[in-house]
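Student: Sequence and computational prediction follow.
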Amino acid sequence: MDQLESFLSDNSDRILDELFGLIRIPSISSLEVHKPDMLKAAEYWKKILLDAGADLATIYSTPGNPVVYAEKIIDPSKPTILVYAHMDVMPVDPIDKWNSNPFEPVIKDGKIWARGANDDKGQSFIHAKAFEYLVKSGTLPCNVKFMIEGEEEIGSTNLGKFCEENKEMLKSDIILVSDTGMIAKDIPSITSGLRGLAYWEVEVTGPNKDLHSGLFGGAVANPINELCKLIAQMTDENNRITIPGFYDDVVDVTIEERERLSQNPFNELKYMEALAVNELQGEKGYSTTERTGIRPTLDVCGIWGGYTGEGSKTVLPSKAYAKISSRLVPNQDHQKIALLFKNYLESIAPKSIRINVSVHHGGQGYLCPIDHPAFLAAEKAFFSVYGKLPVPVRSGGSIPIVSTFEKVLGVKTILMGFGLESDAIHSPNEHFLLENFYNGIRCVVQYYHFFNEKG
């Protein structure tokens, strides 16, 4: 560790300069105007990995944005770690809410402020620099591969096919990802599970045109009213989802794991205060952290129809719309749930309206057992840096590509995140604590050694 500390001290300015060079590339994958920036980011990553000590680094084209692959094979008989990261970032809107240029990183209050500072340029650079140290110090204990994509923020549209076509090249014993977070800067955690996702758009049609609400109200079904009634029927008084068969594949979490999960020092009062709500609600029989981690949910993400402009317009609308999503737990199949939702909504819709349910997208949940050898190696790595065992966390969010990795490549993923909830990822003024950045490098270096012992 003394050797690592010397490396970090001697190279800190260079490391940050290199990270800032990556951050300055506005690699926004959702905007076509930034297509050239995606290639620029890929070329930057190729150079960074070659300079760090990779034997080879290649940019692969896809129907969308490129994928960078690099490797360092020290001995084919040794274990192999595949590092996954993404080079694309979210748009910066609303730009007027930023306190500084989102693509000109600033260090202030011990934090890096910029788009991508955390998600995922800062966190992915942890792995680049841990790898560089291990190579240049002659202490790399196993083989390393990197796969860095440019479409994570738009659903990793082409990465599944890339993995299918390159299974042998991507062959590894474990996949290592830093695209999640910690409970607090002094409370390390490892994300042991991710929820899946199903997403729909619902269109309800009543009359063939907007009508005068005075002349037709009470005689013709109002699509907005009926849509609200349908939505209300999808959960019961205990906030359980009423779709038949929805819970069939949900696996109950063991008592032992629920006890480990409960070690999260969650303060419900502060949570409510931060959100300016007077009461929390959710599925009966579960704590707040369990409701957002180990249980499935159903939420209306948007609803609209009729007249919403300034002033009033007495109209009975022809159409109403809603966007609805469901967070799924491991073992729930998003395609099955999508069909169950569609069938149920159509079955309870009255004849006075026509309903159309469109499936947008979805992804599977993911679970890594907390007694998996690679998970235990991550626990040791965190303990060696923080002096305490990390808390296993079931994240309420989704990273659909992680379940694809398991399905296509046949290996588990370890989610060692170093961001904080307060880092404002996807929002104005995104930032990343420098302390977490450097501790991340320390943890990843240690992980390689502990994982190699397991290998």
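Tutor: Happy to help now that I have it. Small disclaimer: the values here were computed from a predicted structure and weren't measured.

Student: Angles on the backbone of Gly282, please.
Tutor: phi 170, psi -170 (degrees, to the nearest 10).

Student: Quick one: residues contacting the residue nearest to it when sequence neighbours are not counted.
Tutor: The shortest distance from Gly282 to any non-neighbouring residue, by CB to CB, 6 or more residues apart in numbering, is to Arg291 (3.9 Å). All C-beta atoms are positioned from the backbone trio N, CA, C, and that covers glycine. Each residue near Arg291 by CB atoms under 8 Å, 6 or more residues apart in numbering is listed here: Gly282, Glu283, Thr297.

Student: Buried only: go through those residues for me.
Tutor: Glu283, Thr297 (16 or more other CB atoms under 10 Å).

Student: And the helix or strand of the chain with the lowest mean pLDDT, what does it pack against?
Tutor: The weakest-scoring helix or strand in the chain, judged by mean pLDDT, DSSP states H and E, is helix 255-261 (a mean of 85). Applying 3 or more CB pairs under 8 Å, 6 or more residues apart in numbering; DSSP states H and E, one finds that helix 255-261 makes contact with helix 288-291, strand 391-395.

Student: between those, which gets nearest to Ile401?
Tutor: Closest to Ile401 of the helices and strands packed on helix 255-261, according to CB to CB: strand 391-395, at 14.1 Å.

Student: any residues touching that closest one, and which ones?
Tutor: Contacts for strand 391-395 (CB under 8 Å, 6+ apart): 180, 183, 187-195, 253, 257, 260-261, 263-264, 293-294, 370, 415.

Student: how far does the helix or strand following the least confident helix or strand of the chain sit from the chain's center?
Tutor: Later in the chain than helix 255-261, the nearest helix or strand by DSSP states H and E is helix 268-275. Distance of helix 268-275 from its chain centroid, counting by CA atoms, centre = their mean, to the nearest Å, is 23 Å.

Student: Quick one: mean pLDDT for helix 268-275?
Tutor: Across helix 268-275, pLDDT averages out at 93.

Student: Restricting to C-alpha, output it in PDB.
Tutor: Only the C-alpha atoms of helix 268-275 are listed here, as PDB (Å, rounded to 0.1, in the frame of the first residue of the first chain):
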ATOM      1  CA  GLU A 268     -36.600   7.700   7.800                       C
ATOM      2  CA  LEU A 269     -37.200  11.200   9.300                       C
ATOM      3  CA  LYS A 270     -34.300  12.800   7.500                       C
ATOM      4  CA  TYR A 271     -35.400  11.000   4.300                       C
ATOM      5  CA  MET A 272     -38.900  12.500   4.600                       C
ATOM      6  CA  GLU A 273     -37.500  16.000   5.400                       C
ATOM      7  CA  ALA A 274     -35.200  15.900   2.400                       C
ATOM      8  CA  LEU A 275     -38.200  15.100   0.200                       C
END
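
Student: who's Lys323 bridged to?
Tutor: Using DSSP bridges, the bridge partners assigned to Lys323 are Glu201, Gly302.

Student: Run through the residues that contact it.
Tutor: Lys323 makes contact with Tyr199, Trp200, Glu201, Val202, Val300, Cys301, Gly302, Ile303, His360 under the criterion CB under 8 Å, 6+ apart.

Student: what about the residue of the chain positioned farthest from its centre, distance to Tyr307?
Tutor: Distance from the C-alpha centroid of the chain peaks at Leu215, with 49.5 Å (CA atoms, centre = their mean). For Leu215, the distance to Tyr307 equals 16 Å [CB to CB, to the nearest Å].

Student: Of the helices and strands packed on helix 255-261, which is nearest Asn118?
Tutor: strand 391-395 (15.1 Å).

Student: Next, the buried residues of the closest one.
Tutor: Judged by neighbour count (16+ other CB under 10 Å), strand 391-395 contains these buried residues: Val391, Pro392, Val393, Arg394, Ser395.

Student: The residue nearest to the first one when sequence neighbours are not counted: how many residues sit nearby?
Tutor: What that stands for is Val391. Leaving out its chain neighbours, the residue that sits closest to Val391 by CB to CB, 6+ apart is Ser189, at 4.5 Å. Neighbour count of Ser189, defined by other CB atoms under 10 Å: 22.

Student: Hmm, Ser189 is touching Leu261, no?
Tutor: No: between Ser189 and Leu261 there is no contact under CB atoms under 8 Å: 10.1 Å.

Student: The residue nearest the centre of the chain and Asp119, how far apart?
Tutor: Against the mean C-alpha coordinate of the chain, by CA atoms, centre = their mean, the closest residue is Ile399 at 4.1 Å. Per CB to CB, Ile399 is found 11 Å from Asp119.

Student: Now do the shared contacts for these two.
Tutor: In contact with both Ile399 and Asp119: Asp179, using CB under 8 Å, 6+ apart.

Student: quick one: low-confidence parts of the chain?
Tutor: Scanning the chain for pLDDT under 70 picks out 454-455.

Student: Now do the helices in it.
Tutor: Secondary structure of the chain by DSSP state H: the helices cover 2-23, 35-52, 121-136, 159-165, 213-216, 223-232, 255-261, 268-275, 288-291, 334-348, 373-386, 400-409, 434-454.

Student: Could you export those helices as a markdown table, including distance to Arg354?
Tutor: Formatted as a markdown table, these follow (distance: least, CB to CB, whole Å):
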| stretch | distance to Arg354 |
| --- | --- |
| helix 2-23 | 49 |
| helix 35-52 | 40 |
| helix 121-136 | 47 |
| helix 159-165 | 35 |
| helix 213-216 | 17 |
| helix 223-232 | 9 |
| helix 255-261 | 44 |
| helix 268-275 | 38 |
| helix 288-291 | 35 |
| helix 334-348 | 10 |
| helix 373-386 | 50 |
| helix 400-409 | 32 |
| helix 434-454 | 52 |
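
Student: Which of those sits closest to Asn356?
Tutor: Here helix 334-348 is closest among the helices of the chain (CB to CB), at 9.1 Å.

Student: Okay, angle between that closest one and helix 223-232 too, please.
Tutor: On the basis of axes from the mean of the first three to the mean of the last three CA atoms, to 10 degrees, helix 334-348 is oriented at 120 degrees to helix 223-232.

Student: What helices and strands are in contact with helix 334-348?
Tutor: Applying 3+ CB pairs under 8 Å, 6+ apart, we find helix 334-348 packed against strand 196-205, strand 319-328, strand 354-363.
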